[in-house]
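[1] structure of the sequence below:
(chains A and B)
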There are 2 protein chains.
Amino acid sequence: MPPVQHLLFPQANGDCCIKSGYLEGDDQFVVKVSGGFYDNPAQGLASNQGLMMAFSAQSGEPQAILLDEGWLTALRTALAGRIVAELCAPKHIHAIGIIGTGMQARLHLMYLKSVISCRQLWVWGRSETALEEYRQYAQEEGFEVNTTQSAAELAAHCQLIVTTTPSREAILQAADIQPGTHITAVGADGAGKHELAPELVAKADKILVDSWAQCTEFGEISLAFQQQLLAHHTLTEIGTVLVQNSSFREHDQQITLADLTGLGVQDVQIVKGILRG
Amino acid sequence: MPPVQHLLFPQANGDCCIKSGYLEGDDQFVVKVSGGFYDNPAQGLASNQGLMMAFSAQSGEPQAILLDEGWLTALRTALAGRIVAELCAPKHIHAIGIIGTGMQARLHLMYLKSVISCRQLWVWGRSETALEEYRQYAQEEGFEVNTTQSAAELAAHCQLIVTTTPSREAILQAADIQPGTHITAVGADGAGKHELAPELVAKADKILVDSWAQCTEFGEISLAFQQQLLAHHTLTEIGTVLVQNSSFREHDQQITLADLTGLGVQDVQIVKGILRG
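    Numbers count the residues shown, from 1 in each chain, chains lettered A, B, ... in the order given. Predicted coordinates:
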């Protein structure tokens, strides 16, 4: 996987990242263009944009262009979140907390259902309308839903929290989080984005990252890392934990944090899944 | 322009680079996937592969996918070569030398015609068949053509030399080059590729680069740069010279070298030209 390319479009409140990857021995390599244009919904367009492409690793010829409008990115991110929940979630979860009301907030909840039995839900959003729409969705998925515009209130009730927004300022503070909480942070995928206060990141007992290089450069933990608040933390890559076939969480009082920036190899795998299907 | 992404496919003798760019104020941004698979011709396929894409800078939506199989990359590279020839070529050219017989060797010659009046041509290639095919092409373009499998012989006759191969070993040596020669090197666009001996690069009196960052990392001059042979050279970016609106060559005895790795902004401009057209 080459380093991710980032483009910024401040005039449109948008950003774009370009990821690519190739698994040795595969028939194809994958290039993914993934945009987030956060004023799109006001124009009746989805925030997530982009496409995925497969090219022959033997001849370089284009094999497939998947005009998925970011859906496959959201899907593989939600699936990564499910894997992380299996590795990190505490045994007893009274409520799940979702920060954000967009596509990732929905897909993530849908995939959590199969590994987390809890059906109590808190959801945080800035817009009452979006919160009500999310409530509808989550109720249909079988959850009892509480909405709030206070992230602290959500954190007080929830032991498994997922942050899914493109925020550029902290939504959750260190004081909000109780011992025994797991947080999966998926929103921060570019420089300047973060949803957690750096002091909250530093408060985590254990930190899981999808890529050390990406997360320290532009992930949720990058601000705390660059402020040298993580000098006493080990940043463990998910792949390492999966190979060991063990849980990441050691006991129920730990605060665990997983930072998912998204890997080109995830795009490779989901495109392969589709081309095979 | 984010840094270029590179993928390598050693089992297929192929490589791929991904370039992207956005000019502030433009309606679109551009992503380009450009592959070179050098065993393709034996299968009846072109070596150059890939496509260019335009996306809205306002919403991120895909606007156009240009399945050009690398042709637009070759075209904009040849056009850059024409600009470089105007800045660097000596006044008196007895013969033009082309190293390589592929698509870039053809397009480059076609575009040189309008700025260089010389119609004497030497062409170097490894295959007699490819040389004869190139001779046909160049004769139809109005050139008197000499073919050779000795790059030194070519260099002895030519004052304007263009290197267009994906070679990973030096084709031209320092001793081959006469004072008053200009060389445009376009083949080296990824780590490990080079067509000129590092000592030849160091022998140049003046060096022009399309991007300091790209050329020192993976361009023709990168090997000499990394071996610290260029400590006494100034690496001048083409944009700087164009803004000054002056020639780069100062007198007819200088050896000048231009290293073109290709810029995402060239892809932006050629896609804009097509979408407008």
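
[2] list the contacts for the closest residue to residue A:267 other than its chain neighbours?
    Residue nearest to residue A:267 in three dimensions, not counting chain neighbours: residue A:32, with 4.3 Å by Cβ to Cβ, 6 or more residues apart in numbering or on different chains. Heads up, the C-betas are built off the backbone N, CA and C, glycines and all. By Cβ atoms under 8 Å, 6 or more residues apart in numbering or on different chains, residue A:32 lies in contact with A:18, A:19, A:20, A:50, A:51, A:52, A:53, A:73, A:264, A:267.

[3] is the fourth one in a helix, a strand, or coil?
    Applying DSSP: H, G, I helix; E, B strand; the rest coil to residue A:50 yields a three-state assignment of strand.

[4] count the neighbours of it for me.
    Residue A:50 has 25 neighbours, counted by other Cβ atoms under 10 Å in any protein chain shown.

[5] repeat that for the last one.
    Applying the criterion other Cβ under 10 Å, we find 25 residues in the vicinity of residue A:267.

[6] pLDDT averaged over the helix or strand where it lies - what is it?
    Under the criterion of DSSP states H and E, residue A:267 resides in helix A:264-276. Average pLDDT, helix A:264-276: 94.

[7] ok, now stretch A:135-144?
    Stretch A:135-144 comes out at a mean pLDDT of 98.

[8] next, the distance between the ends of it.
    Start-to-end span of stretch A:135-144 (Cα to Cα, to the nearest Å) is 9 Å.

[9] same check, this time on stretch A:158-175
    Stretch A:158-175 stretches 14 Å from its first residue to its last (Cα to Cα).

[10] what packs against the helix or strand where residue A:202 lies?
    Applying DSSP H and E as the criterion places residue A:202 in helix A:198-203. Packing contacts for helix A:198-203, counted by 3 or more Cβ pairs under 8 Å, 6 or more residues apart in numbering or on different chains; DSSP states H and E, involve helix A:222-226.

[11] could you give the mean pLDDT of the helix it packs on?
    For helix A:222-226, mean pLDDT rounds to 97.

[12] for it, buried residues please.
    Going by neighbour count (16 or more other Cβ atoms under 10 Å in any protein chain shown), the buried part of helix A:222-226 is A:222, A:223, A:224, A:225.

[13] ok, so of these, who is nearest chain B?
    Chain B has its nearest neighbour among the buried residues of helix A:222-226 in residue A:222, at 16.9 Å by Cβ to the nearest Cβ.

[14] for residue A:236, list each beta-bridge partner.
    Beta bridges link residue A:236 to residue A:208 when assigned by DSSP bridges.

[15] would you confirm that it contacts residue A:205?
    No. Applying Cβ atoms under 8 Å as the test, residue A:236 and residue A:205 come out as separate, 11.9 Å apart.

[16] residues from the stretch 51-200 of chain A in reach of chain B?
    Taking Cβ under 8 Å from any Cβ of the partner chain as the contact definition, the stretch 51-200 of chain A meets chain B at A:51, A:53, A:55, A:57, A:58, A:59, A:60, A:61, A:62, A:65, A:67.

[17] is it possible to get JSON lines of those that adds pLDDT and neighbour count?
    Formatted as JSON lines, these follow (pLDDT from 0 to 100; neighbours: other Cβ atoms under 10 Å in any protein chain shown):
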{"residue": "A:51", "pLDDT": "96", "neighbour count": "23"}
{"residue": "A:53", "pLDDT": "97", "neighbour count": "24"}
{"residue": "A:55", "pLDDT": "97", "neighbour count": "29"}
{"residue": "A:57", "pLDDT": "97", "neighbour count": "24"}
{"residue": "A:58", "pLDDT": "97", "neighbour count": "18"}
{"residue": "A:59", "pLDDT": "97", "neighbour count": "19"}
{"residue": "A:60", "pLDDT": "96", "neighbour count": "28"}
{"residue": "A:61", "pLDDT": "96", "neighbour count": "17"}
{"residue": "A:62", "pLDDT": "96", "neighbour count": "19"}
{"residue": "A:65", "pLDDT": "95", "neighbour count": "17"}
{"residue": "A:67", "pLDDT": "92", "neighbour count": "13"}
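
[18] give me the distance between the residue nearest to residue A:233 when sequence neighbours are not counted and residue A:261.
    Nearest residue to residue A:233 in three dimensions, chain neighbours excluded: residue A:207, at 5.4 Å (Cβ to Cβ, 6+ apart). In this view, residue A:207 and residue A:261 are 13 Å apart by Cβ to Cβ, to the nearest Å.

[19] for residue A:269, same thing?
    Here the criterion is Cβ to Cβ. By it, residue A:269 lies 16 Å from residue A:261.

[20] more neighbours, the two?
    Neighbours were counted for residue A:269 and for residue A:261 using other Cβ under 10 Å; residue A:261 has more, 27 against 17.

[21] how about that one, what does it touch?
    Applying Cβ under 8 Å, 6+ apart to residue A:261 gives the contacts A:4, A:188, A:189, A:209, A:210, A:211, A:214, A:215, A:218, A:219.

[22] ok, so of those, who is nearest residue A:245?
    Residue A:245 lies nearest to residue A:210 out of the contacts of residue A:261, by Cβ to Cβ, at 17.9 Å.

[23] spatially nearest residue to the residue nearest the centre of chain A (excluding sequence neighbours)?
    Centroid-nearest residue in chain A: residue A:186, 2.1 Å away (criterion: Cα atoms, centre = their mean). Nearest residue to residue A:186, sequence neighbours excluded (Cβ to Cβ, 6+ apart): residue A:260, at 4.6 Å.

[24] contacts only, for residue A:127.
    By Cβ under 8 Å, 6+ apart, the contact list for residue A:127 reads residue A:101.
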